[in-house]
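Peer 1: Give me a model of this one.
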Amino acid sequence: MATENLGDSSQLKLKSHRCLYCKAVGSKLCLDCEAYLCRDHLEAHNSVGQHTLTELITDMQTRKCATHQKLLKYNCCVDNVYVCEFCVVVGDHVGHNVEVISDKSVAVKSSLKELVDNLIAQCKEFENHIREAAATKDDIHKRADDLQRQVTMMITDLKQELEGEGEKILSEIRNQVQEEDLKIHRFLSKKKEEKLKLIAQVDEIRDFLNTTDPMTILEKGTPSINKTKMLIDEVQGRLEDTGLNVLLVTVHLESGLIKVIKRIPQLQKNHGFAVQNLIHIMLRNANDPTEGQASELGSLMDSSLNSKEKHCTSLTYSSTAISSGQHYWEVETSDLPSWSVGVSYSQNKDCNLGDNDDSWCMSYYKMGQYAVVNNGVKTSVSTSSPIEALGIYLDYEAGNLCFFQLANPIKHLHTEFATFTSPVYAAFSISKKGWINLR
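Peer 2: Residues are numbered from 1 along each chain as shown. As a prediction, the model looks like this:
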């Protein structure tokens, strides 16, 4: 019932808003004439003069001066209130600085129009951004598809290389099995023949033993004995020099793997991944004054730490400097401080990596604390777990030195940006309780 009453009230209100010129329901209220106007008579009514039109829901009392019951046409700048023309001429606001409301509204409308224009421009810009984002998304997906194809083709080629070398190794094993089978077959065939000869000789001797004539025994016994001894001497013993040559198979395996490893850089280049792996790098101990002495990283670290001089820090550099290209290497790290891994312009044994502007490194300097260091400035690196293996990627021309935590999944830790002006050496540093191994 309440809803019905509300509906009836609305209908009555609409009926009271009839057009001044006809019986149609008004759509606007003319504040100057205090009359309602339908859509058809709006233009004709306004052609007489520029009247002020507003919405039907506007309360006329909010547009009239409470004192003089005239339309509010001015804004008093002194008291900051809306007033009518009588207030300005004979009322409380005589002599006050006032603004015409319609003029002020024009300025507000102008500001609003500028805002609308700005919003429209922003909307257009947003549309451009949306198109760019969509294009970027398409580019990312296209690039991802291309990368997937590149990786798949490279892995396929690598599999073919491995399968080719594997087939050679398996072929070697099969050949050895065939040779051993043939050797055993020949041995067995010969043994069968020898067995038949031995059985025939046994039968011959048994027949001879049935002879009772001493002269016959003496005449034929000695030749039979000699024949039997010769037959026994001719008979082979056990099968010898048989079995698979595991060492030869191992050599084939190692040789095949080396070939594949040497082919990997070319495969990477063929498929657009021109990154050189520095796992073959030879290292020089900066604490060893012997010129030109080089060794593997693991043995260098051990010999350095066990040296009589007992250096506080052991430094190791690559024997060959890097002056171009993209390079990648991996190390296994200790969970005891401290160690540092990075690159350096020099092979100076009297410095700490990262303490000057000639070296860049990632360091493990306190329990559970890692940082990238250059020119003495430390940039903290956060990890959710201890770094057990570290990947280092160097793009010499681009000046990028990137560090990755080799976990599952692999995590990018930090990228250091620099402009390399001289060749750099791969650099490694440890304290007495630390260790580093190349992977």
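Peer 1: From His41, how far off is Leu71?
Peer 2: Look at Leu71 and His41: by Cβ to Cβ, to the nearest Å, they are 21 Å apart. Glycine gets a C-beta too; all of them are placed from N, C-alpha and C.
Peer 1: Oops, could you answer that again for Lys229 instead?
Peer 2: Taken as Cβ to Cβ, the span from Lys229 to His41 is 147 Å.
Peer 1: can you check Asp203 too?
Peer 2: If you go by Cβ to Cβ, the gap between Asp203 and His41 works out to 145 Å.
Peer 1: Between those two, tell me which one has more neighbours.
Peer 2: His41 (19 against 10; other Cβ atoms under 10 Å).
Peer 1: List the contacts of that one.
Peer 2: 19-22 (Cβ atoms under 8 Å, 6 or more residues apart in numbering).
Peer 1: ok, the residues you listed vs Glu179, which is closest?
Peer 2: Cys19 (115.1 Å; Cβ to Cβ).
Peer 1: residue ranges with poor pLDDT in this protein?
Peer 2: 1-16, 48-49, 58, 236, 275-313, 337, 432-433 (pLDDT under 70).
Peer 1: Would you map out the domains in it?
Peer 2: 1-63, 65-103, 152-273, 283-438 (automatic domain parsing).
Peer 1: can you give me the helices for the chain?
Peer 2: 2-16, 42-46, 85-89, 101-209, 214-234, 246-270, 297-305 (DSSP state H).
Peer 1: any chance of those helices in TSV, with distance to Ser344 too?
Peer 2: Shown next, in TSV, are these (distance: least, Cβ to Cβ, whole Å):
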stretch	distance to Ser344
helix 2-16	85
helix 42-46	84
helix 85-89	84
helix 101-209	32
helix 214-234	75
helix 246-270	24
helix 297-305	15
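Peer 1: Pick the most buried one from those.
Peer 2: helix 297-305 (a mean of 18; mean count of other Cβ atoms under 10 Å).
Peer 1: Show me the one in the contacts of His41 that has more neighbours than the rest.
Peer 2: Cys19 (20 neighbours).
Peer 1: Identify the residues contacting the residue nearest to that one when sequence neighbours are not counted.
Peer 2: Leaving aside its sequence neighbours, Cys19 sits nearest to Cys38 (Cβ to Cβ, 6 or more residues apart in numbering; 3.9 Å). Under the criterion of Cβ under 8 Å, 6+ apart, the neighbours of Cys38 are 19, 21-22, 24-27.
Peer 1: mind giving me TSV with those and columns for distance to Ala321?
Peer 2: TSV is the format used below for the contacts of Cys38 (distance: Cβ to Cβ, whole Å):
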residue	distance to Ala321
Cys19	93
Tyr21	96
Cys22	96
Ala24	93
Val25	91
Gly26	90
Ser27	85
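Peer 1: Out of these, which is nearest to Leu119?
Peer 2: Ser27 (27.1 Å).
Peer 1: ok, how many other residues are close to the closest one?
Peer 2: Neighbour tally, Ser27, other Cβ under 10 Å: 17.
Peer 1: how about it, phi and psi?
Peer 2: Ser27 has phi and psi values of phi -110, psi -20 when expressed as degrees, to the nearest 10.
Peer 1: who wins for proximity to Lys411 among the helices of the chain?
Peer 2: Here helix 101-209 is closest among the helices of the chain (Cβ to Cβ), at 19.5 Å.
Peer 1: Sweet, I'm off.
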